[in-house]
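> Kindly return the folded structure for what I paste below:
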Amino acid sequence: MTFKEQEQITKKNSVELLSELINFDGENIMAEILRLGVQNLMELERDEHIGVGSYERGEERRSQRNGFKSRTLYTRVGPLILQVPQTRDGQFYPSILE
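Coordinates of the predicted model:
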């Protein structure tokens, strides 16, 4: 993936994240900001583990995405319900949760 393609994906993700925050209807905006940040970090780390981005094929691929499992992370701003990404080989676990 070229730098330009990565930049376009990052901008798209930023717009989606801002849209979610603008439309957030809950009472703890800080918890939601933290949840979105942690969620995206875990997904980026999974992409790094796999070796290719979403919907990409390549010889660098080391595994495949295999959905999510729900986990609660307890923080100072409140509990965060996260969707922890998984891989088919079972070798991935986000470092932020270790």
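> Please, where are all the strands along the chain?
All strands of the chain, identified by DSSP state E, fall at 65-75, 78-87.
> Out of these, which one sits most buried?
strand 78-87 (a mean of 16; mean count of other C-beta atoms under 10 Å). For the C-beta atoms, the positions are set from N, CA and C on the backbone; glycine is no exception.
> possible to save the strands of the chain as JSON lines with mean pLDDT?
Below are the strands of the chain laid out as JSON lines (pLDDT from 0 to 100):
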{"stretch": "strand 65-75", "mean pLDDT": "94"}
{"stretch": "strand 78-87", "mean pLDDT": "95"}
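> Let me know which of these is the nearest to Y55.
Among the strands of the chain, the nearest to Y55 by C-beta to C-beta is strand 65-75 (10.0 Å).
> picking up where we left off before, closest one to G26 among the strands of the chain?
strand 78-87 (10.1 Å).
> counting contacts, what elements does that closest one pack onto?
If you count contacts as 3 or more C-beta pairs under 8 Å, 6 or more residues apart in numbering; DSSP states H and E, strand 78-87 packs onto helix 29-50, strand 65-75.
> Any chance of CSV for the strands of the chain, columns distance to A31?
Putting those into CSV (distance: least, C-beta to C-beta, whole Å) gives the following:
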stretch, distance to A31
strand 65-75, 7
strand 78-87, 5
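> right, and those - which one's nearest I22?
Closest among those, once you apply C-beta to C-beta, is strand 78-87, at 19.5 Å.
> That closest one pairs with which strands, parallel or anti?
With DSSP bridges as the test, strand 78-87 is paired with strand 65-75 (antiparallel).
> Need the contact partners of the strand it pairs with.
31, 34, 38, 46, 50, 54, 79-88, 97 (C-beta atoms under 8 Å, 6 or more residues apart in numbering).
> re earlier: N23: which of the helices and strands packed on strand 78-87 is closest?
helix 29-50 (10.6 Å).
> How far away from the center of its chain is that closest one?
4 Å (C-alpha atoms, centre = their mean, to the nearest Å).
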